[in-house]
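*Asks:* turn this into a structure:
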Amino acid sequence: MANQLDSVFSAMADPTRRAVIERLLDGPASVSDLHATHDMALPSFLKHIRKLEDAGLVTSQKTGRTRMIHIEAAPMRAAEDWLSRQRKLWEGRLDRLQALAETLERNPQ
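*Replies:* Below you'll find the model as predicted:
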């Protein structure tokens, strides 16, 4: 689980890869269509696609000369679940800190 999360967060750390993920939320797209909106050489862009595939965030399917990229929801759900647990943990800690500060403010020693 931790290795998968590491791969997911590493893949999403790059703005190009985040843009690809956001575009794929609208549905599958060909590599050509995805590449068209990025100002980089195709081999460089394909490295981004490969990183997303390695993290399990996308899959590709080749039909003839066209390679279609599809988003995979499970890794994103795992990352969202982890972030949610962290948010709950830190919200609880911050609530306790705030209560302590309010107590100390009302009852200075």
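*Asks:* how near is the most centrally placed residue in the chain to Leu97?
*Replies:* Nearest to the geometric centre of the chain sits Met12, at 4.3 Å (CA atoms, centre = their mean). The gap separating Met12 from Leu97 is 30 Å, by CB to CB, to the nearest Å. (Each C-beta comes from the backbone N, C-alpha and C, glycine too.)
*Asks:* how about the helix or strand containing Ile69: buried residues?
*Replies:* Secondary structure from DSSP states H and E places Ile69 in strand 66-71. For strand 66-71, the neighbour count (16 or more other CB atoms under 10 Å) marks 68-69, 71 as buried.
*Asks:* same for it, what does it pack against?
*Replies:* On a contact count with 3 or more CB pairs under 8 Å, 6 or more residues apart in numbering; DSSP states H and E, strand 66-71 meets helix 15-24, strand 29-30, helix 31-36, strand 58-63.
*Asks:* got the angle between the helix or strand just after it and helix 15-24?
*Replies:* For strand 66-71, the succeeding helix or strand toward the C-terminus, using DSSP H and E, is helix 73-106. With axes from the mean of the first three to the mean of the last three CA atoms, to 10 degrees defining the directions, helix 73-106 sits at 110 degrees from helix 15-24.
*Asks:* for helix 73-106, buried residues please.
*Replies:* 75-76, 79, 82.
*Asks:* nearest to Trp90, of the helices and strands packed on strand 66-71?
*Replies:* With CB to CB, the closest approach to Trp90 among the helices and strands packed on strand 66-71 belongs to helix 15-24: 23.3 Å.
*Asks:* what comes into contact with that closest one?
*Replies:* The contact list for helix 15-24, computed with CB atoms under 8 Å, 6 or more residues apart in numbering, reads 11-12, 29, 34, 37-38, 40, 45, 48-49, 51-52, 57-58, 69-71, 76.
*Asks:* go with 7 Å
*Replies:* By CB atoms under 7 Å, 6 or more residues apart in numbering, the list of residues contacting helix 15-24 from outside reads 11-12, 29, 34, 38, 48, 51-52, 57-58, 69, 71.
*Asks:* drop anything exposed from those.
*Replies:* 11-12, 29, 34, 48, 51-52, 57-58, 69, 71.
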